[in-house]
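Colleague: I need the structure of the sequence given here:
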Amino acid sequence: MSTAISAAGLRKSFGDHLVLDGIDLAVPEGTIFALLGPNGAGKTTIVHVLTTFLRADAGTAHVVGKDVVRDAEAVRGAIGVTGQFSAIDDLLTGAENLMLMADLHHLPRTAGRRVTDELLKRFDLTEAGAKLPSTYSGGMRRRLDLAMTLVGSPRVIFLDEPTTGLDPRSRQTMWQIIRELVAEGVTIFLTTQYLEEADELADRIAVLDGGKIVAEGTAAQLKRMIPGAHITIRFADEVDLAAAARVLGDVQREDEALVLRVPADGGVRDLRSVLARLDDVSVEADELSVHTPDLNDVFFALTDRSARR
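Modeller: Purely as a prediction, here's the structure:
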(Lines give C-alpha, C1' and ligand atoms only; values in the text may rest on other atoms or scores of the structure.)
Protein backbone atom coordinates (compact mmCIF):
# COMPACT_ATOMS: atom_id res chain seq x y z
CA MET A 1 0.00 0.00 0.00
CA SER A 2 1.40 3.42 -1.00
CA THR A 3 2.08 6.05 1.65
CA ALA A 4 -0.03 9.20 1.42
CA ILE A 5 1.60 11.08 4.31
CA SER A 6 5.05 10.60 5.80
CA ALA A 7 7.19 12.55 8.24
CA ALA A 8 10.60 11.98 9.77
CA GLY A 9 12.13 13.84 12.69
CA LEU A 10 9.80 16.85 12.60
CA ARG A 11 10.77 19.49 15.15
CA LYS A 12 9.16 22.85 15.78
CA SER A 13 9.63 25.46 18.47
CA PHE A 14 7.94 28.76 19.19
CA GLY A 15 10.55 30.79 21.05
CA ASP A 16 11.78 28.64 23.92
CA HIS A 17 8.75 26.36 23.76
CA LEU A 18 9.42 23.05 21.97
CA VAL A 19 6.12 21.94 20.41
CA LEU A 20 7.20 19.06 18.15
CA ASP A 21 10.12 16.93 19.27
CA GLY A 22 11.05 14.47 16.52
CA ILE A 23 7.74 13.34 14.99
CA ASP A 24 7.74 10.29 12.68
CA LEU A 25 4.58 9.35 10.75
CA ALA A 26 3.53 7.04 7.93
CA VAL A 27 -0.09 7.05 6.74
CA PRO A 28 -1.11 4.61 3.96
CA GLU A 29 -3.35 5.77 1.14
CA GLY A 30 -7.08 5.27 1.53
CA THR A 31 -7.03 5.02 5.32
CA ILE A 32 -8.07 7.13 8.30
CA PHE A 33 -5.27 8.17 10.64
CA ALA A 34 -6.31 9.76 13.94
CA LEU A 35 -4.04 11.94 16.06
CA LEU A 36 -5.03 12.24 19.71
CA GLY A 37 -3.53 14.42 22.39
CA PRO A 38 -4.37 16.87 25.15
CA ASN A 39 -4.83 20.55 24.38
CA GLY A 40 -1.49 22.12 23.55
CA ALA A 41 0.13 18.81 22.63
CA GLY A 42 0.94 20.00 19.11
CA LYS A 43 -1.81 18.38 17.01
CA THR A 44 -2.69 21.52 15.07
CA THR A 45 1.00 22.35 14.62
CA ILE A 46 1.54 18.99 12.89
CA VAL A 47 -1.44 19.69 10.62
CA HIS A 48 -0.05 23.14 9.79
CA VAL A 49 3.35 21.67 8.89
CA LEU A 50 1.88 18.91 6.74
CA THR A 51 -0.44 21.33 4.93
CA THR A 52 2.41 23.82 4.18
CA PHE A 53 0.99 26.57 6.42
CA LEU A 54 4.01 26.32 8.72
CA ARG A 55 7.63 25.29 8.15
CA ALA A 56 9.25 22.87 10.59
CA ASP A 57 12.58 23.78 12.15
CA ALA A 58 13.98 20.34 11.31
CA GLY A 59 12.94 17.05 9.72
CA THR A 60 11.14 16.23 6.49
CA ALA A 61 7.54 15.60 5.49
CA HIS A 62 5.91 14.38 2.30
CA VAL A 63 2.25 14.37 1.24
CA VAL A 64 1.25 12.37 -1.86
CA GLY A 65 4.97 11.92 -2.48
CA LYS A 66 5.69 15.67 -2.55
CA ASP A 67 7.98 17.48 -0.13
CA VAL A 68 5.91 19.98 1.87
CA VAL A 69 8.67 22.60 1.59
CA ARG A 70 10.18 22.15 -1.88
CA ASP A 71 6.87 21.15 -3.54
CA ALA A 72 4.47 23.18 -1.41
CA GLU A 73 2.30 24.25 -4.34
CA ALA A 74 1.87 20.64 -5.54
CA VAL A 75 0.97 19.56 -2.01
CA ARG A 76 -1.64 22.30 -1.69
CA GLY A 77 -3.16 21.21 -5.00
CA ALA A 78 -3.60 17.64 -3.75
CA ILE A 79 -5.06 18.25 -0.30
CA GLY A 80 -8.14 19.63 1.40
CA VAL A 81 -8.22 21.15 4.87
CA THR A 82 -11.18 21.57 7.19
CA GLY A 83 -10.23 23.16 10.48
CA GLN A 84 -11.87 23.90 13.79
CA PHE A 85 -13.04 27.21 12.32
CA SER A 86 -14.87 27.13 9.03
CA ALA A 87 -13.83 28.98 5.89
CA ILE A 88 -17.44 29.82 5.03
CA ASP A 89 -18.24 33.37 3.90
CA ASP A 90 -21.47 34.34 5.68
CA LEU A 91 -22.22 37.06 3.10
CA LEU A 92 -22.58 34.43 0.36
CA THR A 93 -25.21 31.70 0.06
CA GLY A 94 -24.17 28.07 0.40
CA ALA A 95 -24.15 27.65 -3.38
CA GLU A 96 -22.16 30.84 -3.84
CA ASN A 97 -19.55 29.62 -1.35
CA LEU A 98 -19.12 26.47 -3.43
CA MET A 99 -18.96 28.45 -6.67
CA LEU A 100 -16.29 30.66 -5.14
CA MET A 101 -14.22 27.57 -4.38
CA ALA A 102 -14.75 26.36 -7.94
CA ASP A 103 -13.44 29.69 -9.23
CA LEU A 104 -10.40 29.44 -6.94
CA HIS A 105 -9.71 26.00 -8.46
CA HIS A 106 -10.01 27.56 -11.94
CA LEU A 107 -12.96 25.39 -12.96
CA PRO A 108 -14.98 26.58 -15.96
CA ARG A 109 -18.30 28.11 -14.92
CA THR A 110 -20.31 25.20 -16.31
CA ALA A 111 -18.16 22.67 -14.47
CA GLY A 112 -18.31 24.81 -11.32
CA ARG A 113 -22.13 24.87 -11.36
CA ARG A 114 -22.23 21.11 -11.95
CA VAL A 115 -19.85 20.40 -9.05
CA THR A 116 -21.81 22.80 -6.83
CA ASP A 117 -25.11 21.06 -7.56
CA GLU A 118 -23.56 17.61 -7.00
CA LEU A 119 -22.02 18.59 -3.66
CA LEU A 120 -25.18 20.30 -2.39
CA LYS A 121 -27.10 17.11 -3.19
CA ARG A 122 -24.47 14.82 -1.67
CA PHE A 123 -24.39 16.76 1.59
CA ASP A 124 -28.18 17.16 1.78
CA LEU A 125 -27.94 20.93 1.34
CA THR A 126 -29.88 21.40 -1.92
CA GLU A 127 -32.70 23.40 -0.32
CA ALA A 128 -30.27 25.31 1.89
CA GLY A 129 -28.01 26.19 -1.03
CA ALA A 130 -29.91 29.39 -1.79
CA LYS A 131 -29.78 30.54 1.86
CA LEU A 132 -27.11 32.36 3.82
CA PRO A 133 -24.99 30.15 6.12
CA SER A 134 -26.01 32.33 9.07
CA THR A 135 -29.34 30.48 8.93
CA TYR A 136 -27.65 27.04 9.05
CA SER A 137 -27.35 24.74 12.04
CA GLY A 138 -23.88 23.77 13.27
CA GLY A 139 -24.07 20.44 11.48
CA MET A 140 -25.10 22.09 8.21
CA ARG A 141 -22.19 24.53 8.42
CA ARG A 142 -19.73 21.67 8.95
CA ARG A 143 -21.19 19.81 5.97
CA LEU A 144 -20.89 22.91 3.79
CA ASP A 145 -17.32 23.45 4.97
CA LEU A 146 -16.38 19.87 4.04
CA ALA A 147 -18.24 20.19 0.72
CA MET A 148 -16.12 23.25 -0.08
CA THR A 149 -13.01 21.19 0.65
CA LEU A 150 -14.11 18.58 -1.90
CA VAL A 151 -14.49 21.02 -4.80
CA GLY A 152 -10.89 20.38 -5.83
CA SER A 153 -11.20 16.56 -5.55
CA PRO A 154 -8.37 16.28 -2.98
CA ARG A 155 -6.50 13.00 -2.54
CA VAL A 156 -5.79 13.75 1.14
CA ILE A 157 -8.08 15.60 3.55
CA PHE A 158 -6.95 17.02 6.89
CA LEU A 159 -9.81 17.25 9.38
CA ASP A 160 -8.79 19.25 12.44
CA GLU A 161 -11.42 18.48 15.09
CA PRO A 162 -14.24 18.46 12.50
CA THR A 163 -17.10 17.54 14.84
CA THR A 164 -16.35 19.78 17.82
CA GLY A 165 -19.61 21.20 19.14
CA LEU A 166 -21.89 19.06 17.00
CA ASP A 167 -24.84 17.17 18.44
CA PRO A 168 -24.71 13.33 18.31
CA ARG A 169 -26.89 13.07 15.17
CA SER A 170 -24.79 15.60 13.25
CA ARG A 171 -21.62 13.85 14.39
CA GLN A 172 -22.93 10.51 13.10
CA THR A 173 -23.72 12.16 9.75
CA MET A 174 -20.16 13.48 9.50
CA TRP A 175 -18.77 10.04 10.36
CA GLN A 176 -20.75 8.49 7.53
CA ILE A 177 -19.49 11.10 5.07
CA ILE A 178 -15.91 10.43 6.17
CA ARG A 179 -16.35 6.68 5.67
CA GLU A 180 -17.75 7.25 2.18
CA LEU A 181 -14.76 9.42 1.25
CA VAL A 182 -12.31 6.74 2.37
CA ALA A 183 -14.26 4.10 0.42
CA GLU A 184 -13.59 6.26 -2.65
CA GLY A 185 -9.83 6.16 -1.97
CA VAL A 186 -9.37 9.45 -0.11
CA THR A 187 -6.89 9.50 2.79
CA ILE A 188 -8.09 11.19 5.99
CA PHE A 189 -5.80 12.73 8.62
CA LEU A 190 -8.01 13.38 11.63
CA THR A 191 -7.32 15.23 14.84
CA THR A 192 -10.05 14.96 17.43
CA GLN A 193 -10.77 15.47 21.11
CA TYR A 194 -13.48 12.80 21.00
CA LEU A 195 -11.87 9.46 21.77
CA GLU A 196 -14.91 7.48 20.65
CA GLU A 197 -14.60 9.23 17.28
CA ALA A 198 -11.08 7.86 16.78
CA ASP A 199 -12.20 4.45 18.03
CA GLU A 200 -15.12 4.43 15.59
CA LEU A 201 -13.32 5.72 12.49
CA ALA A 202 -9.56 5.30 12.54
CA ASP A 203 -7.52 2.52 10.98
CA ARG A 204 -4.54 3.65 13.04
CA ILE A 205 -4.25 6.02 16.00
CA ALA A 206 -1.29 7.94 17.38
CA VAL A 207 -1.21 9.56 20.82
CA LEU A 208 0.74 12.82 20.95
CA ASP A 209 1.99 14.24 24.24
CA GLY A 210 4.82 16.54 25.15
CA GLY A 211 5.71 16.99 21.51
CA LYS A 212 6.29 13.27 20.97
CA ILE A 213 4.29 10.32 19.66
CA VAL A 214 4.01 8.24 22.84
CA ALA A 215 2.07 5.34 21.24
CA GLU A 216 0.74 4.30 17.86
CA GLY A 217 -1.31 1.37 16.56
CA THR A 218 -4.83 0.21 15.92
CA ALA A 219 -7.45 0.90 18.56
CA ALA A 220 -7.30 -2.75 19.64
CA GLN A 221 -3.50 -2.68 19.92
CA LEU A 222 -3.54 0.47 22.03
CA LYS A 223 -6.17 -0.96 24.36
CA ARG A 224 -4.07 -4.09 24.93
CA MET A 225 -1.23 -1.87 26.16
CA ILE A 226 -3.21 -0.98 29.27
CA PRO A 227 -3.77 -3.55 32.05
CA GLY A 228 -7.18 -4.05 33.57
CA ALA A 229 -9.00 -6.35 31.16
CA HIS A 230 -11.03 -8.97 33.01
CA ILE A 231 -14.00 -11.31 32.84
CA THR A 232 -16.77 -10.63 35.35
CA ILE A 233 -18.77 -13.68 36.43
CA ARG A 234 -21.85 -13.57 38.65
CA PHE A 235 -23.14 -16.74 40.33
CA ALA A 236 -26.51 -17.78 41.67
CA ASP A 237 -25.28 -18.74 45.15
CA GLU A 238 -22.25 -18.85 47.46
CA VAL A 239 -21.62 -22.56 46.80
CA ASP A 240 -21.01 -21.98 43.09
CA LEU A 241 -19.01 -18.85 43.87
CA ALA A 242 -16.65 -20.73 46.19
CA ALA A 243 -16.25 -23.66 43.79
CA ALA A 244 -15.44 -21.31 40.91
CA ALA A 245 -12.95 -19.34 43.02
CA ARG A 246 -11.06 -22.56 43.85
CA VAL A 247 -10.76 -23.69 40.24
CA LEU A 248 -10.04 -20.28 38.69
CA GLY A 249 -7.27 -19.36 41.12
CA ASP A 250 -6.06 -15.75 40.88
CA VAL A 251 -9.35 -13.83 40.98
CA GLN A 252 -10.89 -10.80 42.68
CA ARG A 253 -13.79 -12.02 44.80
CA GLU A 254 -16.86 -10.03 45.90
CA ASP A 255 -18.84 -12.35 48.18
CA GLU A 256 -21.75 -10.01 48.81
CA ALA A 257 -22.36 -9.50 45.09
CA LEU A 258 -21.57 -13.18 44.28
CA VAL A 259 -19.06 -11.96 41.68
CA LEU A 260 -15.60 -13.04 40.56
CA ARG A 261 -13.35 -10.90 38.39
CA VAL A 262 -10.85 -12.98 36.43
CA PRO A 263 -7.82 -11.25 34.86
CA ALA A 264 -7.85 -11.79 31.08
CA ASP A 265 -6.87 -10.09 27.86
CA GLY A 266 -10.49 -9.93 26.72
CA GLY A 267 -9.92 -12.40 23.91
CA VAL A 268 -12.02 -15.42 22.92
CA ARG A 269 -9.31 -17.86 24.02
CA ASP A 270 -9.35 -16.61 27.62
CA LEU A 271 -13.13 -16.71 27.70
CA ARG A 272 -13.23 -20.29 26.44
CA SER A 273 -10.60 -21.32 29.00
CA VAL A 274 -12.63 -19.87 31.89
CA LEU A 275 -15.84 -21.54 30.73
CA ALA A 276 -14.07 -24.88 30.27
CA ARG A 277 -12.69 -24.79 33.81
CA LEU A 278 -16.11 -23.99 35.22
CA ASP A 279 -17.59 -26.83 33.19
CA ASP A 280 -15.01 -29.23 34.65
CA VAL A 281 -16.42 -28.66 38.15
CA SER A 282 -20.04 -28.47 36.96
CA VAL A 283 -20.47 -24.81 37.89
CA GLU A 284 -22.71 -22.57 35.83
CA ALA A 285 -22.40 -18.81 35.68
CA ASP A 286 -25.54 -16.77 36.19
CA GLU A 287 -24.13 -13.80 34.25
CA LEU A 288 -20.87 -13.25 32.39
CA SER A 289 -19.32 -10.19 30.75
CA VAL A 290 -15.95 -9.20 29.32
CA HIS A 291 -14.42 -5.84 30.24
CA THR A 292 -11.50 -4.28 28.34
CA PRO A 293 -9.88 -0.86 28.66
CA ASP A 294 -11.27 1.74 26.27
CA LEU A 295 -9.46 4.61 24.56
CA ASN A 296 -10.18 6.86 27.53
CA ASP A 297 -8.13 4.51 29.70
CA VAL A 298 -5.38 4.43 27.06
CA PHE A 299 -5.34 8.20 26.67
CA PHE A 300 -5.14 8.97 30.38
CA ALA A 301 -2.58 6.25 31.09
CA LEU A 302 -0.25 7.30 28.28
CA THR A 303 -0.48 11.05 28.78
CA ASP A 304 -0.16 10.71 32.57
CA ARG A 305 2.92 8.52 32.09
CA SER A 306 4.41 11.07 29.70
CA ALA A 307 3.72 13.90 32.14
CA ARG A 308 5.42 11.98 34.96
CA ARG A 309 8.53 11.45 32.79
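Colleague: next, the contact list for G94, please.
Modeller: The contact partners of G94, by Cβ atoms under 8 Å, 6 or more residues apart in numbering, come to L120, L125, A128, G129, A130, K131, L132, P133, Y136, L144. The C-beta positions use only the backbone N, C-alpha and C, and glycine is treated the same way.
Colleague: again, but for L208
Modeller: Residues in contact with L208, defined by Cβ under 8 Å, 6+ apart, are I23, L35, L36, G37, A41, G42, K43, I46, V214.
Colleague: what helix or strand is the last one on?
Modeller: In this structure, V214 is located in strand 212-217 according to DSSP states H and E.
Colleague: and what of the second one?
Modeller: Secondary-structure assignment from DSSP H and E places L35 in strand 32-36.
Colleague: please apply the same query to the first one.
Modeller: Secondary structure here is read from DSSP H and E; on that basis I23 sits in strand 17-28.
Colleague: that older thread, who wins for most neighbours among the contacts of L208?
Modeller: In terms of neighbour count, I46 stands highest of the contacts of L208 at 30 neighbours, by other Cβ atoms under 10 Å.
Colleague: before we move on, back to that, what's the closest of the contacts of G94 to T173?
Modeller: Closest approach between the contacts of G94 and T173, by Cβ to Cβ: L125, at 11.6 Å.
Colleague: for the closest one, the count of nearby residues, please.
Modeller: Residue crowding around L125 was assessed by other Cβ under 10 Å; the count is 19.
Colleague: who are the contact partners of it?
Modeller: The neighbourhood of L125, defined by Cβ under 8 Å, 6+ apart, consists of G94, L119, M140, R143, L144, A147.
Colleague: repeat that for L107.
Modeller: If a contact means Cβ under 8 Å, 6+ apart, then L107 has V115, V151 as its contacts.
Colleague: if I look at the nearest residue to R224 once chain neighbours are set aside, how far off is L248?
Modeller: Beyond its immediate neighbours in the sequence, the residue positioned closest to R224 (Cβ to Cβ, 6 or more residues apart in numbering) is D265, lying 6.6 Å away. Between D265 and L248 the distance, using Cβ to Cβ, to the nearest Å, works out to 15 Å.
Colleague: these two: which is more packed in?
Modeller: L248 (20 against 15).
Colleague: so that one sits against V274, correct?
Modeller: Yes. The criterion here is Cβ atoms under 8 Å, and L248 meets it with V274 at 6.7 Å.
Colleague: overlap of the contact sets of these two?
Modeller: V262.
Colleague: which residue ranges of this protein form helices?
Modeller: Assigned helices in the chain, in chain order: 43-50, 72-78, 94-104, 109-122, 138-150, 168-183, 195-201, 219-224, 238-248, 268-280, 295-308 (criterion: DSSP state H).
Colleague: okay, those helices in a markdown table with mean pLDDT next?
Modeller: Written out in a markdown table, the entries for the helices of the chain read as follows (pLDDT from 0 to 100):
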| stretch | mean pLDDT |
| --- | --- |
| helix 43-50 | 93 |
| helix 72-78 | 94 |
| helix 94-104 | 95 |
| helix 109-122 | 95 |
| helix 138-150 | 91 |
| helix 168-183 | 91 |
| helix 195-201 | 90 |
| helix 219-224 | 86 |
| helix 238-248 | 91 |
| helix 268-280 | 87 |
| helix 295-308 | 73 |
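Colleague: could I get these as JSON lines with distance to A87?
Modeller: Compiled in JSON lines, these are given as follows (distance: least, Cβ to Cβ, whole Å):
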{"stretch": "helix 43-50", "distance to A87": "14"}
{"stretch": "helix 72-78", "distance to A87": "14"}
{"stretch": "helix 94-104", "distance to A87": "8"}
{"stretch": "helix 109-122", "distance to A87": "15"}
{"stretch": "helix 138-150", "distance to A87": "6"}
{"stretch": "helix 168-183", "distance to A87": "16"}
{"stretch": "helix 195-201", "distance to A87": "21"}
{"stretch": "helix 219-224", "distance to A87": "31"}
{"stretch": "helix 238-248", "distance to A87": "58"}
{"stretch": "helix 268-280", "distance to A87": "47"}
{"stretch": "helix 295-308", "distance to A87": "29"}
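Colleague: name the stretch among the ones you listed that sits most buried.
Modeller: Between these, the one whose residues have the most neighbours on average, counting mean count of other Cβ atoms under 10 Å, is helix 43-50 (a mean of 23).
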